[in-house]
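> Mind folding the following:
(chains A and B)
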Protein chains: 2
Amino acid sequence: MNQDYIIPNSWSIIEEGFKPENIKSSESVFSLGNGAMGQRANFEEHYSGDTFQGSYIAGVYYPDKTKVGWWKNGYPESFAKVLNAPSWIGINVVVNDVILDLNTCKSVSNFRRELNMKEGWLSRSFIATLKNNVQVHVKSLRFLSISQEEIGAIKYQISPLNCDAQISFEPFLDGNIVNQDKNWDDKFWNILSVFSEKSSAFIEAETMKTRFKTCTFMHNQCTLNGVRVNPIFSEKNQRQKIGHKYQMSVDKGSNFTIEKIGGYTSDRKHNNVLLDAKSALEIASKKGFKILLDEQAKAWTKIWQMADITIEGDVKAQQGIRFNIFHLNQTYSGNDPLLNIGPKGFTGEKYGGSTYWDTEAYCFPFYMSTKSPNVAKNLLEYRFKHLEKAIENAQKLGFNSGAALYPMVTMNGEECHNEWEITFEEIHRNGAIAFAIYNYQRYTGDTSYTYSNGIYVLIAITRFWCQRFNFSEQKKKYVMLGVTGPNEYENNVNNNFYTNYIAKWCMDFTIDTLNILKDENIQTYNEVIAKTGLYQHEIDDIKSMSKSIYFPYSKEHGVYLQQDGFLDKSLTPVSEISSDERPINQHWSWDRILRSPYIKQADTLQAFYFFENDFSVDELEKHYDFYEPLTVHESSLSPCVHSIQASKLGRMNQAYEFYLQTSRLDLDDYNCEVHEGLHITSMAGTWMSIVEGFGGMRIKNGQLNFFPKIPKQWKSYSFKINFRGKILKVSVEHTKFSFEVSGDEPLTIIVNGKPTRVEPNYSIAS
Amino acid sequence: MNQDYIIPNSWSIIEEGFKPENIKSSESVFSLGNGAMGQRANFEEHYSGDTFQGSYIAGVYYPDKTKVGWWKNGYPESFAKVLNAPSWIGINVVVNDVILDLNTCKSVSNFRRELNMKEGWLSRSFIATLKNNVQVHVKSLRFLSISQEEIGAIKYQISPLNCDAQISFEPFLDGNIVNQDKNWDDKFWNILSVFSEKSSAFIEAETMKTRFKTCTFMHNQCTLNGVRVNPIFSEKNQRQKIGHKYQMSVDKGSNFTIEKIGGYTSDRKHNNVLLDAKSALEIASKKGFKILLDEQAKAWTKIWQMADITIEGDVKAQQGIRFNIFHLNQTYSGNDPLLNIGPKGFTGEKYGGSTYWDTEAYCFPFYMSTKSPNVAKNLLEYRFKHLEKAIENAQKLGFNSGAALYPMVTMNGEECHNEWEITFEEIHRNGAIAFAIYNYQRYTGDTSYTYSNGIYVLIAITRFWCQRFNFSEQKKKYVMLGVTGPNEYENNVNNNFYTNYIAKWCMDFTIDTLNILKDENIQTYNEVIAKTGLYQHEIDDIKSMSKSIYFPYSKEHGVYLQQDGFLDKSLTPVSEISSDERPINQHWSWDRILRSPYIKQADTLQAFYFFENDFSVDELEKHYDFYEPLTVHESSLSPCVHSIQASKLGRMNQAYEFYLQTSRLDLDDYNCEVHEGLHITSMAGTWMSIVEGFGGMRIKNGQLNFFPKIPKQWKSYSFKINFRGKILKVSVEHTKFSFEVSGDEPLTIIVNGKPTRVEPNYSIAS
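Numbering: from 1, shown residues only, chains lettered A, B, ... in the order given. All right, here's what the predicted structure looks like:
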């Protein structure tokens, strides 16, 4: 379970020693990305061992024909796959006619890999003895440029240690790529052209069906002992692959180096992918590797200035949080409102699509607090742009009059998912999308998005809920039948508390928003009413329905029930499951899981997280004590919410355990699946468990509140947040905490319930 | 919906006129079978239009790799497919160098097809004008021999009407066949050898994976105007196909005829498939077409003597019931305890597998009453042979100690199905398998199977139920969570009344059987206890659990509820669904169906059918009035049960409507799907709706009971049953009914509650 091969370090992820069995895991962990593209940490040189090759361009996808055993009405026709793109990183290395391949070398020593998170680069070095007994020392450095998003760069250096050698670098572009994740044997790419121009080469390719046009490119340049050289050059053009060859006699001890600049343009952003590729390449190769690398370090410094969280006294915890923040920034930069945060980012293909409710429920607060407000707004705009598709999606399922059901998984607004119990029933996702609108408004104080666009999303979602509830003559209340809550270990249940609760909340928030809008801006209000046809009788119906929503409750236990009938289960705590049956999703049949009481991820407790002000701390404690012992946390999204609630209840040991689990989920490979890619969206939960959990940050009445706590394992921690134009740094130690605000104006915050004025550029401490 | 092109006729299914759009439907309706093999009514001559070619050998299957979108723990690795076998019926016909093809002829007239059910043959005739303007008259006759089960025979005759012509018959065997129903592109057959011997030819082939060896064969012989001739002969051997050619100059008006005898041997029954094919062919071709046809008529006369149901005054109803009885006999002869009754028989491939709970719940009574008791016993033995596999299947799902879960679909005892809500949850199937043991014992009075084998099945099933119930602290009763009842429009529900009821019944019946066995035969009892390890404490546990099973009940409505929470639904009757939304399974999304109250097939009412003695007629009426208006009958298995209950309640119009729906389901193509094959298993339900519905036949205390009723649309009806060595004929008219018993001894039966002595060979009338 715990890989334990990543060396603890506060700023870097480091692996030492060459272990083929770790290759695929490390390819995930050491992944690079710059928001526009990303790639797994595949070797540049040929590797014949077990590997998962992956390089991805943000937003370039393929709608793979749906695969099911038994078709159900309403299933989508396709599932948008994250699409492996033509690869540009390859550099075959030939030493005296033998290809360098760590899988076949006589020996490999001093292998070291470092993902430097501070400056945003990946390095690798090793000494290898080839089959022909030539011993070489190799060092490579690679990054994907934050400042020039089409560009990545590699510096690859080899030095023969025990003899002079003929060495060739054979950098190439490769269009012969396949997806690991595919339903059928469809061809995903059509290669349009493959050609060289001097020391550059290009592959123009187009995705099938979606017809995204892309250009993959490279430019290469060699040096010997730091001096630019012109080795013997040749070129090999295959139908889907193009390679250059730079051959040189290299003396023992000399360093032969190639600097490869490559990357992608796509017609998502470029009118002419080839011309723009050429000009991007020209700019970058003029700068050269060194300047690009300096820019990279500066760009990451800027990101960290805002996003960093420091932890003193616990290097593994420090490494964990930075790893999470680093990957979140690699995945999504927030400057493109058509992109979103895929569950695996650029580190794998599993799950496909790019957008789940993870974005609104987990990622949104991180980007909102550590980036400019524009980034969070882009995430809201993303859903607004998909509103028409969400209305169509609901229509397919029999809803009408502008009701919207946002998809469970999507790339372009269309539903991709195809398990009926999820696709049609895990409808609570609609709630999180509405909640993000509220969350943004609460945090920024800015209602402009809500009134211009958000209100249409809210009305459409509210209409969906109103149609989805039905009146139970038995209960004399509105009930919601046949849903799947956040706990996917229950399917097709009735009256899931979380879903009913967030649905009612949506209805109320929509009506409240309309009332305020009516007061504040009658003209916009009238426009909204006219556009949506939401007249008074419908508003009255919504209000009246909202007052009669049914919530399952147990008087005996004093808790709301996850769903109808929950108490019929055998409520044996998780602690009594034999450890060789954990995780249960790998050991139990599906029906056994379904009829067990075990909870995959926070469900009722998720409602207590979103709507904590509606419940007392006593109530939280009761529900936490009822549900936590039944929770198996087999979703990456679970421990963070429990960590926040444990913090709130002052159960710091448990909060700390959950924190470690969430922050080092991938580094320590808790679920034995890191080789498939990283759990990107849950990484934002890690951030929340520090800022909202330990830091106790809340927004109430437009003000920042903190209830700082610290796990006993730590000496101190600090984080920064961007709040309404000010940067606030929060530092917490065991005996004191301090606040520091940027800019010219003071900021009044509430600390442990007491208003506290923080002067600009002045740190106050408790 | 209603095809309405089948001409009403009491003994034949007749189609007149050539309509390409009906081809695939007619290929199903006119299918032939003899229990050992079967085939769709494909044309012998080449047909280039839309067709579904199918020829099947009983018990020869292929385990096709499971296809699912999202794998769930516990899914089976494969789904046993009904396997299209090398075809032997083909005879290409070439007239003056132009191939006869009804799809490309200039005109086709006098097209007539007849399935003669009385004698068990299929004929076809037509006049066609070929592209070369030659007009020909064609007559063909085909049957699959009941008396020699490897053999089928075709007599194909052509006569040029407007000129002399060169005519070739090109009979062939074709191994180039594909399944319509397949998950992947697997190759299902390996062709081993293809060769001729004089006027015979053979294809030896083996199925992939399962390695069933088969031989497909033919022998041909030509006549001109009834006189045997030796036309110019040639042979064409392709890799997977072999053809012979018989060429002849035929004068205008002369009849050129080929008699083709063909069929299959398989190593399921034949040690040497080739030698046995040769000897079968020798026997058959020595007899020749005419004698084989006479034998066929005699064999069917024998079947009808026992199985026929007559209806006077309603030719469509008469045609319907004979069509059902005919196909049931074509599908399953009952002499092979390794075979069973597939949902499509030999008429299509959909659903795969061969055995569903349909066998025990619907087909069993038909075969038990119209065949020798051995046939019903074979159906029981079939499940006994699969007991170990059923125990393994339960183990996979986490059950232990000899608990058995029989598969939802199977060919060899292994589960094939792969929808979690069915595979893992539609577990009531176990109940029907136990019920058949009881049903056999009740009907035959023979307990020998129960004590020798059935008891082991009962104990294993009872153990499954005991583990599947759990105690609800809330209800202080045992509950069964997460099941799918017979109504598959509900998934993963709690406390399905039917499932809980039949589970409790199994437990009680098992204990009762053990008690009787203990009294009657302590030695066998001890053997059973020793073999199963079912000691007194477990018996006590079963008894005690059985007393505390929970059944959902509504005091307000006075009915048992289909499942927990049923009353939370909007209970709008089916009659209010707009007709353009019917059937709902073709118009509504799956989630909408699930949360609707609509019932696919009898569910609670199925319990009232199986266990009618446990409920009063008043209770039946209440439940019928509650559930019938919510039932959409979108399963072929639904109308028969409702018809029986409507009869019992004296609602004869409704009973008659349901009867028509069940008996002419395929003839009138109610569900627009007859082109995929016939609904074989529901055909037995049609028989039940006459015998048990209108006739009111029941077995009580070892005696036959009748409550004869008759729909007003009929003049009279009659049926026979084989009861404990006696054949009883029951005839019902509006004003009287009569009984006639075969053999030497009288039979006392109960008619409308009154004991009535029926003397041998003497008809008594009311």
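> Every contact and neighbour count from this point should use C-alpha atoms.
OK.
> Do a quick rundown of the strands in the stretch 1-150 of chain A.
Assigned by DSSP state E, counting those that start in this stretch, the stretch 1-150 of chain A shows strands spanning A:6-7, A:12-16, A:32-33, A:37-39, A:55-65, A:78-84, A:91-95, A:98-99, A:107-116, A:121-129, A:135-144.
> Quick check: which of those strands is buried the most?
Mean neighbours per residue, mean count of other CA atoms under 10 Å in any protein chain shown, is largest over those for strand A:32-33, with a mean of 30.
> Pull the residues that contact that one.
Contact with strand A:32-33 is made by A:38-41, A:121-122, A:143-144, A:327, A:330-331, A:346-347, as judged by CA atoms under 8 Å, 6 or more residues apart in numbering or on different chains.
> Let's see that with 10 Å instead.
When contacts are defined by CA atoms under 10 Å, 6 or more residues apart in numbering or on different chains, strand A:32-33 is touched by residues A:38-41, A:55-58, A:115, A:120-122, A:142-146, A:149, A:152, A:326-333, A:345-347.
> May I see the strands of the stretch 1-150 of chain A arranged in a markdown table, with distance to residue B:716 and mean pLDDT as well?
Shown next, in a markdown table, are the strands of the stretch 1-150 of chain A (distance: least, CA to CA, whole Å; pLDDT from 0 to 100):
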| stretch | distance to residue B:716 | mean pLDDT |
| --- | --- | --- |
| strand A:6-7 | 86 | 96 |
| strand A:12-16 | 88 | 98 |
| strand A:32-33 | 82 | 98 |
| strand A:37-39 | 79 | 98 |
| strand A:55-65 | 56 | 96 |
| strand A:78-84 | 57 | 92 |
| strand A:91-95 | 89 | 98 |
| strand A:98-99 | 91 | 98 |
| strand A:107-116 | 89 | 98 |
| strand A:121-129 | 90 | 98 |
| strand A:135-144 | 87 | 98 |
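> right, and these - which one's nearest residue A:624?
strand A:6-7 (33.6 Å; CA to CA).
> Per-residue pLDDT of the closest residue to chain B within the stretch 601-750 of chain A, please?
Going by CA to the nearest CA, chain B is nearest to residue A:634 of the stretch 601-750 of chain A, at 14.8 Å. Looking at residue A:634, its pLDDT is 94.
> cool, the one 10 residues further on as well?
Model confidence at residue A:644, given as pLDDT, is 98.
> number of nearby residues for it?
30 (other CA atoms under 10 Å in any protein chain shown).
> hmm, back to that, wait, is the residue of the stretch 601-750 of chain A closest to chain B part of a strand?
No: using DSSP: H, G, I helix; E, B strand; the rest coil, the assignment for residue A:634 is coil, not a strand.
> Report the contact partners of the residue lying closest to it once chain neighbours are set aside.
Nearest residue to residue A:634 in three dimensions, chain neighbours excluded: residue A:600, at 5.1 Å (CA to CA, 6 or more residues apart in numbering or on different chains). Counting by CA under 10 Å, 6+ apart, residue A:600 makes contact with A:486-490, A:584-585, A:593, A:630-638.
> next SSE after the helix or strand encompassing residue A:620?
Here residue A:620, judged by DSSP states H and E, is contained in helix A:617-627. Tracing the chain C-terminally past helix A:617-627 and defining elements by DSSP H and E, one meets helix A:638-648 next.
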